[in-house]
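Engineer: Predicted model and sequence below, questions to follow.
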Amino acid sequence: VTVRWVGELYKRQVKLWQVFIAEDATLVEVNPLAKTKDGRVLCLDAKVTLDDNAAFRQPHHEALIDRATVDPLEQRAKEKDLNYVKLDGEVGVIGNGAGLVMSTLDVVAYAGEEFGGIRPANFLDIGGGASAAVMANGLEIVLSDPAVKSVFVNVFGGITACDEVANGILQALAMLEQRGEKVTKPLVVRLDGNNAEAGRKILDEAANPLIERVDTMDGAARRAAELAAAASRPEGR
């Protein structure tokens, strides 16, 4: 190890740190790093991961996006500030809270095994403030996926009570109709937590033929999978 090599290595490390901080990165990695016979240090390959949450500070990052690799539904969801990830399945999933949505994906996948391998079609976390507008945007994204055959709305009321969520769902469907979006896919809704009984009553009294209320998470997942399987079945079978 020569003094020159140590100096060159130090320069690279400083530059990596500067890039990491200046670009709001979550990862800046050089691998492999090579030392030449004459003592030079070369970065042969690199990987950089940028923090999407810092995009407002880094407008130039927009030009780095490869549009050919971005799912159009994910792009639309991003424009509406929705936390959405497209998956390969038939049951659209909407929930409040990343942990709840993740567990919902697992329950849907498990229930779907009974119906020929039905799977969740997406991850969509609408967060704590499930307003009518947020719910409408979420439903619009999920329902516009042609692969989605049914939707499972799984909400645990906390700061936002279940009666507010129930009204939000009904208002969301009305808003979609006003936008010219004809909703035909069934929604299975499970409400629990703060004001759950009031929310269930609101949905029951609305008697919307598209909405089916199921009180347990397992039962709702099974019903959503069953509806998706029925809609996926070729006509006449």
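Structural biologist: Noted; the coordinates are in hand.

Engineer: okay, now the domains of this protein?
Structural biologist: Domain assignment for the chain by automatic domain parsing gives 3-65, 72-232.

Engineer: So which of these is the most surrounded?
Structural biologist: Across the domains of the chain, averaging neighbours per residue (mean count of other CB atoms under 10 Å) puts domain 72-232 on top, at a mean of 19. (Each C-beta comes from the backbone N, C-alpha and C, glycine too.)

Engineer: Between the two ends of it, how far is it?
Structural biologist: 23 Å (CA to CA, to the nearest Å).

Engineer: returning to what we had before: need the domains of the chain in TSV with mean pLDDT, can you?
Structural biologist: Shown next, in TSV, are the domains of the chain (pLDDT from 0 to 100):
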stretch	mean pLDDT
domain 3-65	89
domain 72-232	92
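
Engineer: Distance of the closest residue to A206 other than its chain neighbours relative to L176?
Structural biologist: Here the nearest residue to A206 in space, its sequence neighbours aside, is L170; by CB to CB, 6 or more residues apart in numbering that works out to 5.4 Å. Per CB to CB, to the nearest Å, L170 is found 11 Å from L176.

Engineer: Find the helix or strand that the residue nearest the centre of the chain is a member of.
Structural biologist: Nearest residue to the geometric centre of the chain (CA atoms, centre = their mean): Y84, 2.4 Å. Y84 is part of strand 83-86 when elements are defined by DSSP states H and E.

Engineer: and that strand, C-alpha only, in CSV?
Structural biologist: Extracted C-alpha coordinates of strand 83-86, given in CSV (Å, rounded to 0.1, in the frame of the first residue of the first chain):
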residue,chain,number,x,y,z
ASN,A,83,-48.3,4.9,-2.2
TYR,A,84,-49.0,2.3,-4.9
VAL,A,85,-47.1,-0.7,-6.3
LYS,A,86,-48.5,-2.8,-9.1
